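A.B. asks: 3D, please:
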Amino acid sequence: MRSCTLTGLKGVRVAHILCTNELPAPESSWTIALQRRITMAYFMKRYFASIEDGYDPDNPLHGRADPTLMTKLSDFVNQAACLVFLVQGAVSYFRDGQKLLEMPSRSRDIMNSYQLSTDPFLAFLDNSCVVGDYFVGSRELLDEYNNGNRKVDGKEVGRLVKIDASQLKRMMQLRGFEEPNKARTLGFSEFGATRGYKGLRLKTDVELENDAE
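C.D. replies: Predicted coordinates for the structure are as follows:
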């Protein structure tokens, strides 16, 4: 784990970067704010210490760890080279409008899988809902979430911590959905005065069956 920061520089906006081998375990649920602050770097090659088992010299994804690496990184010349590398990256970052490159598909897949495994509500949205220009009633959505017979990754959720309407509202807002309102106010006149959310619907039985195949 490494924490990087700049201090004591006037007129410089400070940013904290935490590099770690472990993804964070959110106390309650994933949020858009948390998600956009995480960038995953997936390293395909693994480096083994000399005392570790499992090293295969014929495997191109295996390598030997350099026991002198920390000594090399402590050298002034190498530290200066690292600083130049970081400054060049910062210059590119601001030149590109403070936007990072999109994560590779492999990194995105791992991130999505981890989110689903640590966030029951996100898993519900992914397994039971379709996101798009749709409308779903608040009661309908709440009842389905609290339904222990619904499935996540092909398995019934069984016993779960049920939520109420206010908790549902908060969870939806944390994921970028608007506050619930009457359907006709949200542009879905066919649902009349039913209160609910814009931006998703529940999957049909046919869609759920297709997912199970």
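A.B. asks: what about the strands in the protein?
C.D. replies: Counting by DSSP state E, the chain has strands at residues 2-4, 17-19, 46-48, 62-64, 129-137, 151-152, 155-156, 181-182, 195-202.
A.B. asks: adding mean neighbour count, write those strands out as JSON lines.
C.D. replies: Just so you know, the C-beta spots here come from the backbone N, C-alpha and C atoms, and that holds for glycine as well. Listed next are the strands of the chain as JSON lines, based on neighbours: other Cβ atoms under 10 Å:
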{"stretch": "strand 2-4", "mean neighbour count": "9"}
{"stretch": "strand 17-19", "mean neighbour count": "10"}
{"stretch": "strand 46-48", "mean neighbour count": "13"}
{"stretch": "strand 62-64", "mean neighbour count": "13"}
{"stretch": "strand 129-137", "mean neighbour count": "15"}
{"stretch": "strand 151-152", "mean neighbour count": "15"}
{"stretch": "strand 155-156", "mean neighbour count": "10"}
{"stretch": "strand 181-182", "mean neighbour count": "14"}
{"stretch": "strand 195-202", "mean neighbour count": "20"}
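A.B. asks: low-confidence ranges, the chain, go.
C.D. replies: Applying pLDDT under 70 to the chain picks out residues 1-16, 25-32, 116.
A.B. asks: residue closest to the middle of it?
C.D. replies: What sits nearest the mean C-alpha location of the chain, by Cα atoms, centre = their mean, is Gln35, with 4.5 Å.
A.B. asks: how about it, nearest residue that isn't a chain neighbour?
C.D. replies: Gln115 (7.3 Å; Cβ to Cβ, 6 or more residues apart in numbering).
A.B. asks: for the one you found, the count of nearby residues, please.
C.D. replies: Gln115: 19 surrounding residues under other Cβ atoms under 10 Å.
A.B. asks: pretty sure it sits against Leu122.
C.D. replies: Yes: contact status for Gln115 versus Leu122: in contact at 5.5 Å, counting by Cβ atoms under 8 Å.
A.B. asks: all the helices of this structure, in order from the start?
C.D. replies: Listed in chain order, the helices of the chain (DSSP state H) span 32-35, 69-73, 76-95, 105-118, 120-128, 138-145, 165-174, 205-212.
A.B. asks: which one, of these, ends up nearest to Gly196?
C.D. replies: When these are compared for distance to Gly196 using Cβ to Cβ, the nearest one is helix 138-145, at 4.8 Å.
A.B. asks: list every C-alpha atom in that closest one, with coordinates, as PDB.
C.D. replies: Taking C-alpha atoms only, helix 138-145 is exported to PDB below (Å, rounded to 0.1, in the frame of the first residue of the first chain):
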ATOM      1  CA  SER A 138     -42.100   2.300  -6.100                       C
ATOM      2  CA  ARG A 139     -44.200  -0.400  -4.500                       C
ATOM      3  CA  GLU A 140     -43.500  -2.900  -7.300                       C
ATOM      4  CA  LEU A 141     -39.800  -2.300  -7.100                       C
ATOM      5  CA  LEU A 142     -39.700  -2.500  -3.300                       C
ATOM      6  CA  ASP A 143     -41.800  -5.700  -3.200                       C
ATOM      7  CA  GLU A 144     -39.400  -7.300  -5.700                       C
ATOM      8  CA  TYR A 145     -36.300  -6.400  -3.800                       C
END
